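K.L.:
Return a 3D structure for these sequence lines:
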Amino acid sequence: MNYRNGRDVLPPSLLKELQKYIEGELIYIPKKSNERVGWGVNSGTRQMIERRNEEIYNLHCSGHSVEHLMKTYHLSVDSIRKVIFKKRSEHEAEALNQKAAAQR
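P.N.:
Here you go, the predicted model:
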């Protein structure tokens, strides 16, 4: 989030009115809509982590040990196991959905 000077973006009358309530401090003005963008969506972080987690799962399925994955991705044992468990569940659910769709 970038800081913007009120003089640059607000009409003088609105700036003067705001100065009655707050002066010389930072203020957050929320978006009009209640729809917030999810964490990491704008920066691409969410997609990057999703790709990383898919890589971890695929490497594990191809025989790489949890210890190797820990060292490679600099994550704890618990984090690696959580990724593997979650990805396994996602892949199994996807397979079930495809099987159900094929039977229709």
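
K.L.:
Can you tell me which helices and strands the longest helix along the chain packs against?
P.N.:
Counting by DSSP state H, the longest helix found in the chain is helix 77-103. On a contact count with 3 or more CB pairs under 8 Å, 6 or more residues apart in numbering; DSSP states H and E, helix 77-103 meets helix 45-61, helix 66-73. Backbone N, C-alpha and C define where each C-beta goes, glycine included.

K.L.:
And these: which comes nearest residue 26?
P.N.:
Set against residue 26 and scored by CB to CB, those come closest in helix 45-61, at 24.6 Å.

K.L.:
Dump stretch 3-19 to PDB, keeping only the CA atoms.
P.N.:
Output of stretch 3-19 as PDB, limited to C-alpha atoms (Å, rounded to 0.1, in the frame of the first residue of the first chain):
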ATOM      1  CA  TYR A   3       1.200   6.600   1.000                       C
ATOM      2  CA  ARG A   4      -0.400   9.400  -0.900                       C
ATOM      3  CA  ASN A   5      -0.600  13.100   0.100                       C
ATOM      4  CA  GLY A   6      -4.200  14.300   0.600                       C
ATOM      5  CA  ARG A   7      -3.400  17.500  -1.200                       C
ATOM      6  CA  ASP A   8      -2.600  15.500  -4.400                       C
ATOM      7  CA  VAL A   9      -5.800  13.400  -4.400                       C
ATOM      8  CA  LEU A  10      -8.600  15.300  -2.500                       C
ATOM      9  CA  PRO A  11     -10.500  18.400  -3.400                       C
ATOM     10  CA  PRO A  12      -9.500  21.300  -1.100                       C
ATOM     11  CA  SER A  13     -13.000  21.400   0.500                       C
ATOM     12  CA  LEU A  14     -12.800  17.700   1.500                       C
ATOM     13  CA  LEU A  15      -9.300  18.100   2.700                       C
ATOM     14  CA  LYS A  16     -10.300  21.000   4.900                       C
ATOM     15  CA  GLU A  17     -13.200  19.000   6.300                       C
ATOM     16  CA  LEU A  18     -11.000  16.000   7.100                       C
ATOM     17  CA  GLN A  19      -8.500  18.200   8.800                       C
END
